[in-house]
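Engineer: Build me a structure from this.
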Amino acid sequence: MYGVSTQNGSFGRTNANTKVMGAYYTRLEEMHSAKGLFKFPEGKEVCVLEPSIGDGSAVKAITDRANNENVKIFGVELNDNVAQQTKKDPLIEDCLSADFTNGVVIKNNAFSFIFGNPPYMDDDDTDDGKRDRLERTFLERVTGSYLKKDGILVWVIPYSRFLEYATIKYMIGHYETLHVWKFRGSEYEKWHQVLIVARKTATKIALTDQIAAYHDKYADDTKIPELPLTFEGTELYQSIEVYPSESSEITLFATKEFHPLEAYQFLSIKADLDDYKKLAGKRATQKEYASSDLGKPPIPLKKDSEYLMITAGVGQGFAGTRGKDLHLQRGVAEVIEEAEYKSGDGANASDNGTIAVTTRAKVTMSIIETDGTITVLE
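Structural biologist: Residues are numbered from 1 along each chain as shown. Okay, here's the model as predicted:
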């Protein structure tokens, strides 16, 4: 039985992962073995993030989700059809249909366990000659943004990529590597994947001799142990404690792109779906326009009208004519509080006066011209 993650776009996997009819597989046998490593806190939630979740089988296996209701799994999946099916899984809290590298907005430092089988790219399979590895982007994203300090990273990666200088440097600088195992038997012979378990630490400098020592420790893959079938009854490996993290802390877990149909499912309104589609199709973003396109208002704008228009986004973005007076403008509306002291009338010795606080709306427009000049209009 296998866990599936399908390929589409920049976060799809290539070469080093198994490709079968457009799907990539993580063998669940290893994941069920690895679950014996971890000690989850009793009676407390642990929030888990899987950036390329597929159908969720792999992450559910390694966290033993079926037997631990306190594990809360959040996933991201590029293929929309797969994501929608995974979203229906009662053992998955939520699944976003997006590219994890640049298509999601997620609450920082909210997860204490991250499992990932990130994308692997050839040097020739990059855009504009860039050599940045997608797996390195994955590592930087989960480390710098989403994984709590002392959180656990479980990472499946080809052995050759694990030994790259930049990978080792990053691991030393941000993690304590607890274990490195290779997949068992023919599975390793085919795809040379290793499973890394590490705990996030405070950021530190990775010294040259540390990088060399780390490389030498794992340079001979024949000395890397195979992942045991089971950890039960053995004293060789002590269980790894996973610290709690509350799902209530994940106040932001969304895609950057607005999905109208998903929003419709959460609206408690009696509206026709076709009408809603038409309404949602009218985007609220301001495209480039010329000042002549706006026309003149039927009556002069008052302060209150200006405030309302600015907060609604009118006038944001590019304005003017290309090659002439094209500029970028942005309006800001804010509420200003002003305090005024009024002295007493002197009739009563205890009358020291009062402080009157008034509020008013302040509207400013910042204009950036093509030569870099910034003007603020109030």
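Engineer: All the strands of the stretch 51-200 of the chain, residue numbers only.
Structural biologist: Assigned by DSSP state E, counting those that start in this stretch, the strands in the stretch 51-200 of the chain fall at 71-77, 94-97, 104-106, 111-116, 147-158, 175-182, 193-200.
Engineer: For those strands, please prepare JSON lines with the additional fields distance to A339, mean pLDDT and mean neighbour count.
Structural biologist: All C-beta spots, glycine's among them, are computed from the backbone N, C-alpha and C. JSON lines is the format used below for the strands of the stretch 51-200 of the chain (distance: least, CB to CB, whole Å; pLDDT from 0 to 100; neighbours: other CB atoms under 10 Å):
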{"stretch": "strand 71-77", "distance to A339": "46", "mean pLDDT": "96", "mean neighbour count": "25"}
{"stretch": "strand 94-97", "distance to A339": "46", "mean pLDDT": "94", "mean neighbour count": "22"}
{"stretch": "strand 104-106", "distance to A339": "38", "mean pLDDT": "90", "mean neighbour count": "18"}
{"stretch": "strand 111-116", "distance to A339": "44", "mean pLDDT": "95", "mean neighbour count": "25"}
{"stretch": "strand 147-158", "distance to A339": "42", "mean pLDDT": "94", "mean neighbour count": "21"}
{"stretch": "strand 175-182", "distance to A339": "52", "mean pLDDT": "94", "mean neighbour count": "18"}
{"stretch": "strand 193-200", "distance to A339": "47", "mean pLDDT": "95", "mean neighbour count": "21"}
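Engineer: so which of those gets nearest R136?
Structural biologist: Taking CB to CB, strand 147-158 is the member of these nearest to R136, at 10.4 Å.
Engineer: Please list the outside residues in contact with the closest one.
Structural biologist: 16, 26, 34, 38, 49, 62, 109-118, 120, 135, 139, 142-143, 175, 191-202, 240, 242-243, 245 (CB atoms under 8 Å, 6 or more residues apart in numbering).
Engineer: Mind doing that once more with 7 Å?
Structural biologist: Contacts to strand 147-158, defined as CB atoms under 7 Å, 6 or more residues apart in numbering, come from residues 16, 26, 62, 109, 111-117, 120, 135, 142, 175, 192-200, 202, 240, 242-243, 245.
Engineer: Direction included, what does it pair against?
Structural biologist: According to DSSP bridges, strand 147-158 has the following sheet partners: strand 111-116 (parallel), strand 193-200 (antiparallel).
Engineer: Tabulate those in JSON lines, adding columns for distance to V154.
Structural biologist: Putting those into JSON lines (distance: least, CB to CB, whole Å) gives the following:
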{"stretch": "strand 111-116", "distance to V154": "5"}
{"stretch": "strand 193-200", "distance to V154": "6"}
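Engineer: Indicate which one of those is closest to R330.
Structural biologist: Closest among the strands paired with strand 147-158, using CB to CB: strand 111-116, at 33.9 Å.
Engineer: Identify all contacting residues around the closest one.
Structural biologist: Outside strand 111-116, the residues that touch it by CB under 7 Å, 6+ apart are 46-52, 59, 62-63, 138, 142, 146-148, 151-155, 242-245.
Engineer: So which of those residues are in helices?
Structural biologist: When the contacts of strand 111-116 are checked against helices (DSSP state H), the matches are V59, I62, F138.
Engineer: okay, those in JSON lines with distance to A219 and neighbour count next?
Structural biologist: Output for these, formatted as JSON lines (distance: CB to CB, whole Å; neighbours: other CB atoms under 10 Å):
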{"residue": "V59", "distance to A219": "30", "neighbour count": "30"}
{"residue": "I62", "distance to A219": "27", "neighbour count": "27"}
{"residue": "F138", "distance to A219": "23", "neighbour count": "22"}
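Engineer: Okay, and the beta partners of F111?
Structural biologist: Residues in beta-bridge contact with F111 (DSSP bridges): L147.
Engineer: From V76, how far off is it?
Structural biologist: To V76, F111 is 12 Å away according to CB to CB, to the nearest Å.
Engineer: Could you list the low-pLDDT ranges of the chain?
Structural biologist: Residues of the chain meeting the criterion pLDDT under 70: 1-26, 118-135, 233-237, 258-325, 333, 341-353, 370-372.
Engineer: Got the domain ranges for it?
Structural biologist: 2-251, 291-377 (automatic domain parsing).
Engineer: Tell me which of the ones you listed lies nearest to E257.
Structural biologist: domain 2-251 (6.6 Å).
Engineer: Dig out what the closest residue to F183 other than its chain neighbours forms beta bridges with.
Structural biologist: Spatially, and ignoring its direct neighbours in sequence, F183 is nearest to Q193 (5.0 Å; CB to CB, 6 or more residues apart in numbering). Applying DSSP bridges to Q193 gives these bridge partners: P158.
Engineer: CSV for the ones in helices among the contacts of strand 111-116, including distance to A98?
Structural biologist: Below are the ones in helices among the contacts of strand 111-116 laid out as CSV (distance: CB to CB, whole Å):
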residue, distance to A98
V59, 17
I62, 23
F138, 14
